[in-house]
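>>> 3D model of this:
(2 chains)
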Amino acid sequence: MITVYHYMTVAAILFAMGTYGVLTRRNAIVIFMCIELMLNSVNLTFIALSSHLQNMDGQVFVLFVMAVAAAEAGVGLALMIAFYRNRDSIDVDDINLMKL
Amino acid sequence: MENLVQIALQNVNMAAILPSLVLTCFGMGLLLINVFLPRGTTRHAVWISVIGLVVTGFFVYTGWGNPQYGFNDAVANDNYTAFFSVIFLFAAGLTILMSDDYLTREGYPVSEYYPLILFATAGAMWMASGTDMLTIFLGLEVMSIALYVLAGFFRGQLRSNEAGLKYFLLGAFSTGFLLYGIALIYGVTGSTKLTEIGIYLNAHGSLLENPMTLAGLVLLSTGFLFKIAAAPFHMWTPDVYEGAPTPVTAFMSAGPKAAAFAAFLRIMEYCFFSLKPEWTAMLWVIAVLTMVIGNVIAIQQTNLKRMLAYSSIAHAGYALVGLVAANEIGYSGILFYMLAYTFMNIGAFAVLVLAGKKGEDNLTLEGFSGFGLKRPFLGVAMTVFLFSLMGLPPTAGFAGKFYIFAGAVKAGYIWLAVIGVLNSAVSLYYYLRIMVYMYFRDAEEDYAWVSLPAAAVISIVIALIGVFYLGIIPGDVMEMAKMAIF
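From the prediction side, this is the model:
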């Protein structure tokens, strides 16, 4: 029997994987993919809880999260292209013009 | 079916979003107008956006004392929203006025800049008016996405690219935490409405009984503390503030910070009032860390934008003290302080905008040698803003800090107030150092490139009036702030 706990556990693992990826990867696009993974794990949490609680609010939230993530992807990739044009790299170690 | 539509329509109340609706219409209209005008003309955009802000301000004014709730209680246009909306409108207006000549000087006379500021302001207003996690989240994202673009606005400049990309990656990362927090809270309480969450948590006891509440609260706070640049989530601030175009930095340090405070304060008060001992203990530590880190690192800075970035971290710490106090005077102190901070900080940045050369390599302490004597108006204005940032009477900064620390003392956090005052003393060092360079060093240049465009001067004068008005007669605004809180 698959219960809400299983979904929550999977979502938590996905979220942790996403966080780990953001902290360890050096390529901006891979980091962005990890952020998307985090957002999708949140979506999974919302849907599992929504079905468990028999309450539609969570599913509505997921639709908005997806729309926002799409808008964010548009802006984020544009920023990466602008950076790549000037720096010929999207390695986050190359974001180093400003230092303490 | 007809019945359903009727129920849905009854719950829609456009009056609840009227100010932000008007502002968004102006923003979109401006985008449309820009299409039909030749590239490089920006003057019309300045005035249309200022008119838009004034009209919005009128609707905010009519909303005062006349609370409207709409969209199935997801939006509340109450006094609290109105007070914060005024802060955002001032932040946007002062920023827009100082931007035009700056954009031309730096070689990006692009009129899409102004609609983006208007959209960010509208997003900030939704954050302040949200009484549902969904509204707050959407407002946060509308504001943030506009700001990501603005931070990377000079697309040919590597510094601006870096600022935009860094802000985007870390901002999206923090959004993930915020959302996970919301999801967990939703799982515990079965609702995304702030009041319903509050009622449930009040009825169903302590954090220790349910670790999911604890995790949700911590993740949610992380998201907001990132946005207000509190330590230990402040690392993005200096880099983004330094790299972004200077007017955008001015705007980011005032408007969006106030918006994050607005939403954070409302969530804490509506949802988590029953857990006050727990979260005030958490925020106590964060407030102290933020003040200390901001002030101590600011001492070492020689780049003025970077110094003001660290100073803005420190000021977020002072405002957090009001949140820790969690009483009437502390909360209304936050509202007052955010308004005061908008005037003094944007004013200081406006002086930097005018003092910079193309590329802004001269915005260092050395680059300001003798500036005050060669450019007396800007020198005096900068002095006033710096005095206000230090918190000396009779300026707005003094009154704001006074109320916030009074709130902390009243709530019994004597030590917190003492640490706050000591931090203000530390901040004297780096603010006064700017003035020492401005007045007591020999000028190596004659600052011939500094011009005084009318719009930017208006912006500085408004900021000066605000600083003195709030400093000399703070009572009226403080009374309004008290009426604005819950």
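>>> what is the mean pLDDT for stretch B:259-275?
Here stretch B:259-275 scores 93 as its mean pLDDT.
>>> and it with chain A, contact?
No. Contact between stretch B:259-275 and chain A is absent, the nearest approach being 14.7 Å (criterion: CB under 8 Å from any CB of the partner chain). Heads up, the C-betas are built off the backbone N, CA and C, glycines and all.
>>> mind checking how far that stretch is from the chain centre?
In terms of CA atoms, centre = their mean, to the nearest Å, the centre of stretch B:259-275 is found 16 Å from the chain centre.
>>> Can you pull the phi and psi angles for residue B:448?
Here is the backbone geometry of residue B:448 (degrees, to the nearest 10): phi -70, psi -20.
>>> Tell me how many other residues surround it.
By other CB atoms under 10 Å in any protein chain shown, 7 other residues sit near residue B:448.
>>> What helices and strands are in contact with the longest helix along chain A?
Longest helix of chain A, by residue count under DSSP state H: helix A:57-87. Applying 3 or more CB pairs under 8 Å, 6 or more residues apart in numbering or on different chains; DSSP states H and E, we find helix A:57-87 packed against helix A:28-53, helix B:133-151, helix B:158-189.
>>> check whether the last one contacts chain A.
Same thing as helix B:158-189. Yes. Using CB under 8 Å from any CB, helix B:158-189 reaches chain A at B:158-159, B:161-166, B:168-169, B:172-173, B:175-176, B:179-180, B:182-184, B:186-187.
>>> can you check the second one too?
Yes. With CB under 8 Å from any CB as the criterion, chain A is reached by helix B:133-151 at B:133-134, B:137-138, B:141, B:145, B:148-149.
>>> between that helix and helix A:57-87, how big is the angle?
10 degrees (axes from the mean of the first three to the mean of the last three CA atoms, to 10 degrees).
>>> just to revisit the earlier point, for the record, mean pLDDT for the longest helix of chain A?
Mean predicted lDDT for helix A:57-87 stands at 94.
>>> quick one: contacts of the one helix or strand residue B:384 maps to?
Element membership of residue B:384 [criterion: DSSP states H and E] is helix B:376-390. For helix B:376-390, contacts defined as CB atoms under 8 Å, 6 or more residues apart in numbering or on different chains pick out B:311, B:315, B:340, B:343-345, B:347-348, B:350-351, B:354-355, B:371-373, B:395-398, B:424, B:427-428, B:431-432, B:434-435, B:438-439, B:450, B:452, B:457, B:460, B:463-464, B:467-468, B:471.
>>> Please list the members of those residues that lie in helices.
Going by DSSP H, the helices hold B:311, B:315, B:340, B:343-345, B:347-348, B:350-351, B:354-355, B:371-373, B:396-398, B:424, B:427-428, B:431-432, B:434-435, B:438-439, B:457, B:460, B:463-464, B:467-468, B:471 from these.
>>> picking that back up, of all the helices and strands packed on helix A:57-87, which lies closest to residue B:480?
Nearest to residue B:480 among these is helix B:133-151; the distance by CB to CB comes to 22.6 Å.
>>> what inclination does that closest one have with respect to helix B:158-189?
170 degrees.
>>> Go through helix B:133-151 and flag the buried ones.
B:133-151 (16 or more other CB atoms under 10 Å in any protein chain shown).
>>> Pull up the gap between the residue of chain A found nearest chain B and residue A:51, please.
Nearest residue of chain A to chain B: residue A:38, at 3.7 Å (CB to the nearest CB). For residue A:38, the distance to residue A:51 equals 21 Å [CB to CB, to the nearest Å].
>>> These two: who's more crowded?
residue A:38 (24 against 13).
>>> Would you check how far apart the closest residue to chain A within chain B and residue B:331 are?
Minimum separation of chain B from chain A (CB to the nearest CB) falls at residue B:176, amounting to 3.7 Å. In this view, residue B:176 and residue B:331 are 29 Å apart by CB to CB.
>>> Also residue B:423?
Remark: distance between residue B:423 and residue B:331 (CB to CB) = 21 Å.
>>> before we move on, what about residue B:21?
From residue B:21 across to residue B:331, the span is 27 Å (CB to CB).
>>> who's more crowded, these two?
Taking neighbours as other CB under 10 Å, residue B:21 and residue B:331 compare with residue B:331 leading, 24 against 16.
>>> ok, that one - contacts?
Listed by CB under 8 Å, 6+ apart, the contact set of residue B:331 reads B:265, B:269, B:322-323, B:325, B:407, B:485-486.
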